[in-house]
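Q: One predicted model, sequence on top.
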Amino acid sequence: MPWYQLDDPHDPKLDELARQYNLHPLHIEDARSEDESVKVDSGNLYTFAVLKPVYLKPDPDAPTEQMPTFTTIDIFAGKDFLITVVDPVCPATTEALERARRDGDGEHPARLLYLILDTIVDRYFSAIDHFDDRIDALEDAIFDSPSPEILAQVFAIKRELIGLRRVLVNTRDACLHLQRDPNTIIDSEHQLYVRDTYDHVARLLDSVETQRDLLNNSLDIYLTSVSNRTNEVMKVLTVLGTIALPAIAISGIYGMNLKGLPFEESPHGALFVGFLTIMCTVLLLLVLRRMRWF
Amino acid sequence: MPWYQLDDPHDPKLDELARQYNLHPLHIEDARSEDESVKVDSGNLYTFAVLKPVYLKPDPDAPTEQMPTFTTIDIFAGKDFLITVVDPVCPATTEALERARRDGDGEHPARLLYLILDTIVDRYFSAIDHFDDRIDALEDAIFDSPSPEILAQVFAIKRELIGLRRVLVNTRDACLHLQRDPNTIIDSEHQLYVRDTYDHVARLLDSVETQRDLLNNSLDIYLTSVSNRTNEVMKVLTVLGTIALPAIAISGIYGMNLKGLPFEESPHGALFVGFLTIMCTVLLLLVLRRMRWF
Amino acid sequence: MPWYQLDDPHDPKLDELARQYNLHPLHIEDARSEDESVKVDSGNLYTFAVLKPVYLKPDPDAPTEQMPTFTTIDIFAGKDFLITVVDPVCPATTEALERARRDGDGEHPARLLYLILDTIVDRYFSAIDHFDDRIDALEDAIFDSPSPEILAQVFAIKRELIGLRRVLVNTRDACLHLQRDPNTIIDSEHQLYVRDTYDHVARLLDSVETQRDLLNNSLDIYLTSVSNRTNEVMKVLTVLGTIALPAIAISGIYGMNLKGLPFEESPHGALFVGFLTIMCTVLLLLVLRRMRWF
Amino acid sequence: MPWYQLDDPHDPKLDELARQYNLHPLHIEDARSEDESVKVDSGNLYTFAVLKPVYLKPDPDAPTEQMPTFTTIDIFAGKDFLITVVDPVCPATTEALERARRDGDGEHPARLLYLILDTIVDRYFSAIDHFDDRIDALEDAIFDSPSPEILAQVFAIKRELIGLRRVLVNTRDACLHLQRDPNTIIDSEHQLYVRDTYDHVARLLDSVETQRDLLNNSLDIYLTSVSNRTNEVMKVLTVLGTIALPAIAISGIYGMNLKGLPFEESPHGALFVGFLTIMCTVLLLLVLRRMRWF
Amino acid sequence: MPWYQLDDPHDPKLDELARQYNLHPLHIEDARSEDESVKVDSGNLYTFAVLKPVYLKPDPDAPTEQMPTFTTIDIFAGKDFLITVVDPVCPATTEALERARRDGDGEHPARLLYLILDTIVDRYFSAIDHFDDRIDALEDAIFDSPSPEILAQVFAIKRELIGLRRVLVNTRDACLHLQRDPNTIIDSEHQLYVRDTYDHVARLLDSVETQRDLLNNSLDIYLTSVSNRTNEVMKVLTVLGTIALPAIAISGIYGMNLKGLPFEESPHGALFVGFLTIMCTVLLLLVLRRMRWF
Ligand SMILES: [Mg+2]
Ligand SMILES: [Mg+2]
Ligand SMILES: [Mg+2]
Ligand SMILES: [Mg+2]
Ligand SMILES: [Mg+2]
Ligand SMILES: [Mg+2]
Ligand SMILES: [Mg+2]
Ligand SMILES: [Mg+2]
Ligand SMILES: [Mg+2]
Ligand SMILES: [Mg+2]
Ligand SMILES: [Mg+2]
Ligand SMILES: [Mg+2]
Ligand SMILES: [Mg+2]
Ligand SMILES: [Mg+2]
Ligand SMILES: [Mg+2]
Ligand SMILES: [Mg+2]
Ligand SMILES: [Mg+2]
Ligand SMILES: [Mg+2]
Ligand SMILES: [Mg+2]
Ligand SMILES: [Mg+2]
Ligand SMILES: [Mg+2]
Ligand SMILES: [Mg+2]
Ligand SMILES: [Mg+2]
Ligand SMILES: [Mg+2]
Ligand SMILES: [Mg+2]
Ligand SMILES: [Mg+2]
Ligand SMILES: [Mg+2]
Ligand SMILES: [Mg+2]
Ligand SMILES: [Mg+2]
Ligand SMILES: [Mg+2]
Ligand SMILES: [Mg+2]
């Protein structure tokens, strides 16, 4: 059974294969589109699948960290042929093709399709684990020293999860289609295997939901801590003002060039007035204490 | 096969065609209504479709930018006739009709209907790409220099996406109806094509959801940054007050016209008191530092 | 075919008709209840429908504006009789009954039921348009001069939309029931008409959802603008304090009754100290400028 | 037909009845559990129902108000027997049993079950009306004089609605089960009655949703008003500071023991400086006015 | 009937059993995976179940409290064999196996599977009750003395509930599968028992939803109380400033070394000016009172 492996969807070889195996023009259009989604489409002659392998690249919002990137792999799996159109720089794609070549068997395109799909889904677990570690670190950082930079990373991961979630939802639907569609190339033996992959994708989606909940929790924690700190700052400002107010007001009064102020002529005037000031300050602090400000 | 093309739903020619081809009065009412939704309705004699082509016009909230606008096209596609009622100023409509005339074939109204639908859906991709670019620019602007003007644009795009999403949801339902309804004019060959259009609309909806999530993210970033800046402003105010307070209070005390203050008569009184003031200020700053304010 | 028109559900005539036409006691209980929901219930002998016509009355939160109010109409539509129990002061009810009498035909209760339903649904469009205009005005007002009074109107409209949405959802379910229930009085000819009404209700619900989204957008805009203004006020306070602080602190220092201050004896002391003060102020303002506060 | 009425699920009489009528051990376990949910379970021999009657008791968060409390009633309704296990202190339970005895008929357990269910559901309307009145009062109070005490009541009602909603959702499912399950004791005549009860529960759920929306609205209004008041307080603080600043700064300058200040020696110095101070104050106030602060 | 009990999934004995009973390699892979989800998979030969027993361990965020932890139990239940792979340190697992041994019967693997499942689900009730008590305590603490530490516990419980909810949702799906799948080992007699377990899981999920709602309520209460306190602090600051402002401004004015101030030479100048200051202060306080600040 021939397996045609192309590295570029615009290769004229693809047009030739399209003529030879009656590939539908809409599928060729999909393979050549810049912005494909994960999908599976089964006709009488072959099953067409678009998958999105993932690999890690440095994250622009946190250069020491990595972020998942998606490429595309298009598969035409007929009863007696297999065509794959891939991005050759993606390590997940390379691994999937190698595993299919090693464990697969040249007579069963269904097995080859399953092996590629399963390897790609296994790779998503690494992406999720990667986020798990970063979210754990961010949660600790938000509790210990909340800062806008940490928040920028929270939002960057939320953004990445939005994209990852879409790919997983579409991959789950594709697995369902491979199990249930009567036209699909997947035979009854491999339906059990695809069901297992479906379960893995469902578990991945569970994890993504959990991670989104945790990030929202982190965001709430951050916002709460900013509110709290503003409140604390306000209190410190008020307490400081309270301590200084009697000294400022009373010293202002005794700085007036007027006659008739009490103690004005007393040799211990400063002492009396200083005592008065301290009494006022203590009184104000006791009031604030009663209001439980510190 | 005749193709009747009208530019105005109030054209009396439409009443004539209604009599000739037995068009249902409710469909004529729809075609003449000011505020139609996307829909498909299939009877025994013909399929009636209302579609919403989109084109870009300048955005009132950001005059240098463009915003999508919708017009309406009504299609009556019978087995042996086609009636289209369109808004002739919309470039997407013009393109759809031209492509149908060029690629279609006078004997297959199903193909003409598909070609019009597919062209209209292709145009939605430009609207989405347009938003993609603007959202990217807004995200950068919010991180670099958050301002109410940028926020006004975020809300303007959210508003436009609300409208775009409704049109896409209704278009997706219309595609589903064209595939599944037993009365529909779409034959089995073209069902595959309509399914492809359905996939495109589903992908567009995915993109709209992603864009809404990103805009909500941007909004959260903006609000967080406003909270943070208020907190920063409060801190600066408190730190400034703290630096000035000892000077103000102590100088006030030594400005009193009273007797008995320490150093009052000393020739280096200003030096001693200045040193005392600086000590108090440094002490307060150390306390704030300990509280990790700067 | 007799059409019995009652203005009061407690009219003993209704008990008489109940005996004559075998009306179910639960339906009589419904018709006489103070707090009915929209519903349709079809038995072997007749279809019982509760509908909620709407009309506009002055809004207590904004006396120059109007708000939708709901009344109730109960309809018993048998094969050879029609009983309607209505609130005679509601103009929408009056219009619905008049249109049914004018366009209907004494032998088809299905047509009469459809005509009443369709007129009532048409009236909902006026309620929605009314909100459209008010929401547009509120959006502009919130951008131009946000105030608690405008916000009170936003919340008042949200409140009204909650009620309108419930009525529309129940009306949509009632339309679906009239189309699908095998017992319903609606014959196959009128099912097409009821489907059209169903589409209208679906479009109304679309509009209500859009309006809710727009009101939530407005609320977010308001809250953001309050946050922004608080931030602005804080900055002005801090900038003012910053401008005044050097003058206050330095003048306080030179107001001390102490010996040994620099320039104390200089005839141009005020000039030197004034220059020093201005230098400090300018320095502080430059720091704030660097922090991009104005 | 015997009707066994027990006041305590731990009564050994229940074990005896379980042996006599073949009651399933899981149902006996349910009846004796402390924490049952509303449910219906139908076997070949009998229908087992757990219902949750409601009555009002004083609310700990607002002692002058009342809050709904739930008890449990277990019903075993066989073709020729009825067993009820109830909490005898609940007035709703007492009313339900009395109405069943009065209007029911010793030969139809289906009618007895319906009568008990319907009376319990009717009682929920009182609970909802009670909340309606309290929510109306809270809304007015929040607009007139928002306070943390009023907010505590909003949260207390939200909390009660969470519980009420769960009971209603489970009761709705139980009604559906009684209508549709082929094993249920409810005969075709009483299915119509149970459908009516189902409609009532659906309307109750509508009301609970509306009340939740209104409480969320109230919460938004409260938070908005707190934001607004904080903003107002800030403005007053800033305006006061602005009025006082020129007087403080200028008087400080003229309090310095330095030579060379303008007007120092003028006999009308106070007048000139006072005029200068007032000019500065007016200027600042004009700037704030221009910024639309008051 | 043999029951093989393994404590380690990597035991080579499992490979032997896999060969003997034709266990599917994917199930062996699942049993040996580090990160399994709850699931049930039924083939012709046996039912494979992964369950997640729970037990309490000390909570790192509140050392005096306990938090639920999950382990895994894998069950292969064939018609004539049972294989269990468990974590022997988990007390819930130990209890489940003991109860199965005691109440089960060596000839019915379906009964053994049910008994293990039911015991594991019963243990979830303790976890929920544990949260109930902690949430009650947190609610009281948030009303009485809101603090960031209490908030940290709210977020910690939210986090645990996210995990518990996922396990419960998957367990509910597993119960449904055991009831409905035609291949399942559960016979008709035990389907009733599994349905009861399903009801218990549904009730547990109800409780988790309620607890999430209550925690969100608590969070709203906390945030509202922080907003309120910030508002209060602002008011105290402004009132204090207001009390001091006239004294500071007027005493500053009379501290100027200028001629021509009223009362300058009066022997009762201090009295007059003091009276003037007190009048200004009282006036300002009356204005704030009118604005209802205290
Ligand atoms: Mg395509
Ligand atoms: Mg994509
Ligand atoms: Mg694998
Ligand atoms: Mg953590
Ligand atoms: Mg971003
Ligand atoms: Mg994980
Ligand atoms: Mg959250
Ligand atoms: Mg229409
Ligand atoms: Mg529309
Ligand atoms: Mg296309
Ligand atoms: Mg807008
Ligand atoms: Mg895109
Ligand atoms: Mg968000
Ligand atoms: Mg009723
Ligand atoms: Mg109603
Ligand atoms: Mg109409
Ligand atoms: Mg209101
Ligand atoms: Mg509209
Ligand atoms: Mg929003
Ligand atoms: Mg319960
Ligand atoms: Mg009743
Ligand atoms: Mg509470
Ligand atoms: Mg009500
Ligand atoms: Mg809301
Ligand atoms: Mg909400
Ligand atoms: Mg697996
Ligand atoms: Mg798991
Ligand atoms: Mg149990
Ligand atoms: Mg039970
Ligand atoms: Mg509980
Ligand atoms: Mg909430």
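A: Received it, and whenever you're ready, just let me know what you need. Note that this is a predicted model, so its numbers are computed, not measured. Ligands and ions are numbered 1, 2, ... in the order given.
Q: Residue A:178: neighbouring residues, count only.
A: Residue A:178 has 26 neighbours, counted by other CB atoms under 10 Å in any protein chain shown. Using the backbone N, CA and C atoms, a C-beta is placed for each residue, glycine as well.
Q: quick one: it and residue A:187 touch, right?
A: No - with contact defined as CB atoms under 8 Å, residue A:178 does not reach residue A:187; the gap is 10.8 Å.
Q: From residue A:279, how far off is residue A:286?
A: Noted for residue A:286: a distance of 11 Å to residue A:279, by CB to CB, to the nearest Å.
Q: Which strands border the helix or strand of chain A with the lowest mean pLDDT, and is each parallel or antiparallel?
A: Comparing helices and strands within chain A by mean pLDDT, DSSP states H and E singles out strand A:62-70 as the least confident, with a mean of 84. Next to strand A:62-70 in the sheet, as set by DSSP bridges, lie strand A:54-59 (antiparallel).
Q: Buried residues in the strand it pairs with, which are they?
A: Buried residues in strand A:54-59, counted by 16 or more other CB atoms under 10 Å in any protein chain shown: A:54-56, A:59.
Q: any chance you could map the helices in the stretch 151-294 of chain A?
A: A:188-254, A:269-290 (DSSP state H, counting those that start in this stretch).
Q: quick one: average confidence on stretch A:226-240?
A: Mean per-residue pLDDT for stretch A:226-240: 85.
Q: Contacts made by it with the rest, please.
A: A:146, A:285, A:288, A:293-294, B:224, B:227-228, B:230-231, B:234-235, B:237-238, B:241-242, B:245, B:284, B:288, B:291, B:293, E:148, E:223, E:226-227, E:229-230, E:233-234, E:236-237, E:240 (CB atoms under 8 Å, 6 or more residues apart in numbering or on different chains).
Q: That one: how far from the chain's middle?
A: Relative to its parent chain, stretch A:226-240 has a centroid offset of 33 Å by CA atoms, centre = their mean, to the nearest Å.
Q: Quick check: chain neighbours aside, which residue is closest to the residue of the stretch 151-294 of chain A found nearest ligand 26?
A: Closest approach between the stretch 151-294 of chain A and ligand 26, counting by CB to the ion: residue A:196, at 4.4 Å. Of all residues not flanking residue A:196 in the chain, residue E:26 sits nearest, at 4.7 Å (CB to CB, 6 or more residues apart in numbering or on different chains).
Q: which stretch of helix or strand covers the one you found?
A: In the assignment (DSSP states H and E), residue E:26 maps to helix E:25-32.
Q: hang on, the earlier thing: any part of the least confident helix or strand of chain A near ligand 5?
A: No - Strand A:62-70 lies apart from ligand 5 when judged by CB under 5 Å from the ion; the minimum separation is 11.5 Å.
Q: For residue A:40, what are phi and psi?
A: phi -130, psi 140 (degrees, to the nearest 10).
Q: Who are the contact partners of it?
A: Residues near residue A:40 by CB under 8 Å, 6+ apart: A:47-50, A:174, A:177-178, A:181, A:184.
Q: for the stretch 101-250 of chain A, which spans come out with low pLDDT?
A: By pLDDT under 70, the stretch 101-250 of chain A contains no weakly predicted segment.
Q: again, 80 this time
A: Counting by pLDDT under 80, the stretch 101-250 of chain A shows low-confidence ranges at A:106.
Q: List the contacts of whichever residue of it sits closest to ligand 28.
A: Sorted by distance to ligand 28 under CB to the ion, the residues of the stretch 101-250 of chain A start with residue A:206, at 26.3 Å. Each residue near residue A:206 by CB under 8 Å, 6+ apart is listed here: E:37, E:166, E:170.
Q: possible to save these as JSON lines with distance to residue B:22?
A: As requested, the contacts of residue A:206 are exported to JSON lines (distance: CB to CB, whole Å):
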{"residue": "E:37", "distance to residue B:22": "58"}
{"residue": "E:166", "distance to residue B:22": "57"}
{"residue": "E:170", "distance to residue B:22": "56"}
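Q: Nearest to ligand 1 among the buried residues of strand A:54-59?
A: residue A:54 (22.2 Å).
Q: Tell me if I'm right that the closest one and residue A:122 touch.
A: No - between residue A:54 and residue A:122 there is no contact under CB under 8 Å: 10.4 Å.
Q: Who are the contact partners of the nearest residue to residue A:253 once chain neighbours are set aside?
A: Nearest residue to residue A:253 in three dimensions, chain neighbours excluded: residue E:251, at 4.7 Å (CB to CB, 6+ apart). Counting by CB under 8 Å, 6+ apart, residue E:251 touches A:249, A:252-253, A:255-256, E:277.
Q: hmm, 10 Å instead?
A: Taking CB atoms under 10 Å, 6 or more residues apart in numbering or on different chains, we find residue E:251 in contact with A:248-256, A:258, B:252, B:255, D:248, D:251, D:255, E:273-274, E:277.
Q: Take the residues you listed and, keeping just the buried ones, write it as a ChimeraX select command.
A: The ChimeraX command for the buried members of these (criterion: 16+ other CB under 10 Å) is given here:
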select /A:248,249,250,251,252,253,254,255,256,258 /B:252,255 /D:248,251,255 /E:273,274,277
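Q: show me the contacts for residue A:166.
A: A:37-38, A:52, A:70, B:203, B:206-207, B:209-210, B:213.
Q: where's it relative to residue B:207, distance?
A: Residue A:166 is 9 Å from residue B:207, where distance means CB to CB.
Q: what residues are shared contacts of the two?
A: Common neighbours of residue A:166 and residue B:207 (CB under 10 Å, 6+ apart) are residue A:37.
Q: What residues does chain A have near ligand 1?
A: Residues of chain A lying near ligand 1 (CB under 5 Å from the ion): residue A:30.
Q: how much space between the residue of the stretch 151-294 of chain A found nearest ligand 14 and chain B?
A: For the stretch 151-294 of chain A and ligand 14, the shortest gap (CB to the ion) falls at residue A:209, measuring 40.4 Å. As judged by CB to the nearest CB, to the nearest Å, residue A:209 and chain B stand 14 Å apart.
Q: so who does that residue touch?
A: Contacts of residue A:209 (CB under 10 Å, 6+ apart): A:161, A:165, E:162, E:165-166.
Q: Between residue A:178 and residue A:187, which contacts overlap?
A: Common contacts of residue A:178 and residue A:187 (CB under 10 Å, 6+ apart): residue A:110.
Q: contacting residues for the residue of chain A found nearest ligand 10?
A: Across chain A, the shortest distance to ligand 10 (CB to the ion) belongs to residue A:29, at 7.1 Å. Applying CB under 10 Å, 6+ apart, we find residue A:29 in contact with A:9, B:196.
Q: Give me the distance between it and chain D.
A: For residue A:29 relative to chain D (CB to the nearest CB), the value is 46 Å.
Q: same thing with residue A:132?
A: Between residue A:132 and chain D the distance is 32 Å, computed by CB to the nearest CB.
Q: Can you tell me how far that residue is from residue A:126?
A: Taking CB to CB as the measure, residue A:132 falls 10 Å from residue A:126.
Q: Could you chop chain A up by domain?
A: With domains defined by the TED database, chain A comprises A:3-228, A:229-291.
Q: Of all residues in the stretch 101-250 of chain A, which one is closest to ligand 5?
A: Counting by CB to the ion, the stretch 101-250 of chain A gets nearest ligand 5 through residue A:159, at 4.9 Å.
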